[in-house]
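>>> Okay, sequence plus prediction incoming.
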Amino acid sequence: MKIAIFGPVCKDSIKIDDVTKDQIGGIPYYTGIAMHNLGVDVTAYITYNSSDDIWVHENFQGIPIHHIEAVGTLHFSRFYSSQNPDNCLSVKIEYFPNPIILTDDISQKLKNVDYIILAPLLYDNLSPDFFKQIKELITKPIVYGNFGMFTYAINNKFVQKNPEQFMAAAPYIDYLFFDEKEIQFATSTSGVVNAVNILTKLGVKEIIVTNGSKGSTIFINNEVYNIPAYPTNNLIDPTGAGDTYLAGYMTAVSLFKDPASRGKFAAMTATLSLEKRGAFSGNKKIVLTNLNKIICQIKF
């Protein structure tokens, strides 16, 4: 499987209780590294300022990088409590424009991939036209999985507004990953099922709704699969768990026909990622071994 992933990388300052650590962040990092370690061929099309080039390459070892220059590299400060890791208590942003444009060079390279993951962190990273161009010019499945298209940096804080920008892109998305709050905000409706119905009618083929430690639900046509979350042995850092779930699920698309097995593989990958800082560093064998200890039914 060949994957192209688009989005900004950022500098993260992660504080959990009283311990703060600076590290690289961004969805291309958490998802891309996880998929690479799971055996997927990944290329990262990422925005950052060239002054951070050495640092970025050190953190993306083994993954080819297509650098897209930005005025500055985004910087996020996040605070969590170990007592409630599902809830990020605060986020502060040092904002710089990080737009991504589809060039002829990028278009040619994308013709050789199997899936394209679009992962903006803020509204100006990717426009709805980018989704449309990918679908019309490249005709590859598009994967989308976060709040970026309706998130703005105002006074150094996250502000979510203008969900219509995401809705303009939704008809071009094949695999969608949202949490329960995001999918309802994006569709301007109440109730996850109502939101799923709206997006299904727009053409989204697979919709995965996550709910932190409560698990996740996969919606495909009229089928619904409820996936448990697996407890962690030692919670270290919840940052990027949702991005890692996406990585596990899309990796599992090539491993299992059964959506429930894909979801369980994704859930275990996300759980294992909680046990260390940074991106998931395990592999397929580790994920499957831990799954089989719990459910004794997924074989590879």
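That came through, no problem.

>>> Give me the distance between the helix ranked longest in the chain and the centre of its chain.
When the chain is parsed with DSSP state H, its longest helix is helix 259-273. Mean-position distance between helix 259-273 and its chain equals 14 Å (CA atoms, centre = their mean, to the nearest Å).

>>> Show me what it is packed up against.
Contacts defined by 3 or more CB pairs under 8 Å, 6 or more residues apart in numbering; DSSP states H and E place helix 259-273 against helix 27-37, strand 206-210, strand 216-220, strand 223-227, helix 241-252, helix 284-295. All C-beta spots, glycine's among them, are computed from the backbone N, C-alpha and C.

>>> between the third one and helix 241-252, how many degrees?
Going back to what we said before, that points to strand 216-220. 40 degrees (axes from the mean of the first three to the mean of the last three CA atoms, to 10 degrees).

>>> From F130, how far out is I101?
Relative to F130, I101 is positioned 8 Å away (CB to CB, to the nearest Å).

>>> I misspoke; the intended subject was R277.
Applying CB to CB, the value for R277 to F130 is 31 Å.

>>> Who has more neighbours out of those two?
F130 (20 against 16; other CB atoms under 10 Å).

>>> That one belongs to a helix?
Yes. Using DSSP: H, G, I helix; E, B strand; the rest coil, the assignment for F130 is a helix.

>>> circling back: buried ones in the longest helix of the chain?
Judged by neighbour count (16 or more other CB atoms under 10 Å), helix 259-273 contains these buried residues: 259, 261-273.

>>> do stretch 219-226 as well
In terms of neighbour count (16+ other CB under 10 Å), stretch 219-226 has its buried residues at F219, Y225.

>>> Go ahead and measure how far that stretch is from the middle of the chain.
Offset of stretch 219-226 from its chain centre (CA atoms, centre = their mean): 20 Å.

>>> as a whole number, average confidence for it?
Average pLDDT, stretch 219-226: 95.

>>> and if you look at stretch 291-300?
Stretch 291-300 shows a mean pLDDT of 67 in the predicted model.

>>> Please apply the same query to stretch 268-278.
Averaged across stretch 268-278, pLDDT comes to 87.

>>> how close does the closest residue to Q184 other than its chain neighbours sit to K181?
Take Q184 and drop its neighbours on the chain: the residue closest to it by CB to CB, 6 or more residues apart in numbering is A195, 5.3 Å away. Separation of A195 from K181 (CB to CB): 10 Å.

>>> which of the two has more neighbours?
Neighbours per residue (other CB under 10 Å) separate A195 from K181, with A195 holding more: 23 against 12.

>>> Which helix or which strand is home to that one?
Per DSSP states H and E: A195 is located in helix 192-202.

>>> Who are the packing partners of that helix?
helix 180-187, strand 206-210, strand 216-220.

>>> Pick the most deeply packed of the ones you listed.
The highest average neighbour count among the helices and strands packed on helix 192-202, using mean count of other CB atoms under 10 Å, belongs to strand 206-210 at a mean of 23.

>>> Paired strands for it, with orientation please.
Counting by DSSP bridges, the strands paired with strand 206-210 are strand 175-179 (parallel), strand 216-220 (antiparallel).

>>> out of these, which comes closest to V91?
Minimum separation from V91 across those (CB to CB) falls at strand 175-179, 14.8 Å.

>>> what's the offset of the closest one from the middle of its chain?
For strand 175-179, the separation from the chain centroid amounts to 9 Å (computed by CA atoms, centre = their mean).

>>> one step back: between the helices and strands packed on helix 259-273, which one is closest to V56.
helix 27-37 (8.8 Å).

>>> Show me the contact partners of the very next helix or strand once past that closest one.
Using DSSP H and E, the next helix or strand after helix 27-37 towards the C-terminus is strand 41-48. Contacts with strand 41-48, where a contact means CB atoms under 8 Å, 6 or more residues apart in numbering, come from 1-10, 26, 28, 32, 35-36, 56, 60, 63-70, 73, 98-100, 106, 109, 113, 125.

>>> Check stretch 177-188 too.
Contact partners of stretch 177-188, identified using CB under 8 Å, 6+ apart, comprise 143-147, 150, 160, 163, 166-167, 170, 190-192, 194-196, 198-199, 207-212, 242, 245-246, 249.
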